[in-house]
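Chemist: quick one: sequence plus predicted model below, questions after.
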Amino acid sequence: MKTAIKKKWIPIIFFIGLISVTSCKTLLAPEYDKAIVESVTTNSQKTMSFLEKISDGTTKENYKEREKEYNELIGAYDALKLQAKARPIPNNVATKKINELLQAKNSSAISGDYPSAFAFQKISETLKRMKTEDKEKGIKPTAMQAFKGQIEIFLDQAITYESFLKR
C-alpha cells in the first residue's frame with residue numbers, strides 16, 4: 001500500500017517541480033521603458049539644437065540668454081538618470097551584446113551597472129562644465145566641438161542601450 005501511495009505522488013511532485021522551474025524568469029536586462037526612450041529622443045533633439053545654436057562659440061557677456069536652456073537640459077538628463085536607475089541592474093550578457101553593437105558603430109563601450117544612467121550622468125556633467133565655462137569666460141568654437149563630441153558619444157550609448165531593450 002505504501003508503494004502505491006508513493007507511486008501516486010511521484011507524478012504530482014514531478015508536475016509541480018516542472019511548473020516551478022518553467023515559470024522562473026531570468027532577468028537579462030531591465031524592462032523596456034517607452035517613457036525613457038521618448039524622453040531621451042526629445043531631449044537629444046533639444047540638446048543637439050542647442051549645441052548647433054552655440055557651435056560658433058559663446059561669450060560670457062550674453063551667458064544669461066542661455067542659462068535657462070542649460071538648466072532645462074541638465075535637469076532633463078538628471079531625471080533620465082533617476083528613471084534608468086529605478087530599474088533592476090542588467091545581467092552582463094545583455095551589456096556585452098549592446099557593447100558589440102556600439103563597437104560595430106565605432107562607438108565607445110558602455111560601462112557601469114546602469115549603462116544608460118551612466119551615460120545620462122555623463123551628459124549632465126558635460127553640460128554643467130559647459131555652463132560653468134560659458135558663465136566664466138565663454139566657450140571657444142574648438143572647445144564647443146569637444147563638448148559636442150563627448151555629448152554625442154554618451155547620447156549614442158544611451159539611445160543604443162534603450163533601443164536594445166525594446167527587442
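Modeler: Structure received. Numbering: from 1, shown residues only.

Chemist: which ones are touching the residue nearest in space to the middle of the chain?
Modeler: Nearest to the mean C-alpha position of the chain, by Cα atoms, centre = their mean, lies Ser116 at 1.7 Å. Ser116 makes contacts with 36, 40, 80, 84, 110, 157-158, 161-162, as judged by Cβ atoms under 8 Å, 6 or more residues apart in numbering. (C-beta placed from N, C-alpha, C; glycine too.)

Chemist: any low-confidence regions in the chain?
Modeler: Counting by pLDDT under 70, the chain has low-confidence residues at 1-32, 89-95, 108-113, 167.

Chemist: what segments of it are helices?
Modeler: Ranges of helices in the chain, per DSSP state H, are 2-22, 34-53, 64-85, 92-104, 115-136, 141-164.

Chemist: so which of those is the most packed in?
Modeler: Most buried of the helices of the chain by mean neighbour count (mean count of other Cβ atoms under 10 Å) is helix 115-136; its value is a mean of 21.

Chemist: now the angle from it to helix 64-85?
Modeler: 160 degrees (axes from the mean of the first three to the mean of the last three Cα atoms, to 10 degrees).

Chemist: what angle sits between helix 115-136 and helix 141-164?
Modeler: Angle between the axes of helix 115-136 and helix 141-164 is 160 degrees (criterion: the same axes, to 10 degrees).

Chemist: check the gap between the nearest residue to Leu127 once chain neighbours are set aside and Ala146 for me.
Modeler: Sequence neighbours aside, Ile74 is the residue nearest to Leu127 in space, at 5.0 Å (criterion: Cβ to Cβ, 6 or more residues apart in numbering). Noted for Ile74: a distance of 18 Å to Ala146, by Cβ to Cβ, to the nearest Å.

Chemist: Asp33 now?
Modeler: Note on Asp33: its distance to Ala146, by Cβ to Cβ, is 31 Å.

Chemist: could you measure from the residue nearest to Leu127 over to Ala84?
Modeler: 16 Å.

Chemist: among the contacts of Ser116, which one sits closest to Phe120?
Modeler: Comparing these against Phe120 with Cβ to Cβ places Leu80 closest, at 4.4 Å.

Chemist: from what I can see the closest one touches Ser44, true?
Modeler: No: counting by Cβ atoms under 8 Å, Ser44 is not a contact partner of Leu80; they are 10.2 Å apart.

Chemist: contact partners of stretch 72-82?
Modeler: 36, 39-40, 43, 46-47, 50, 116-117, 120-121, 123-124, 127-128, 131, 158.

Chemist: you'd agree Val37 is up against Phe164?
Modeler: No: in this structure, Val37 is not within contact of Phe164 by Cβ under 8 Å, at 10.7 Å.
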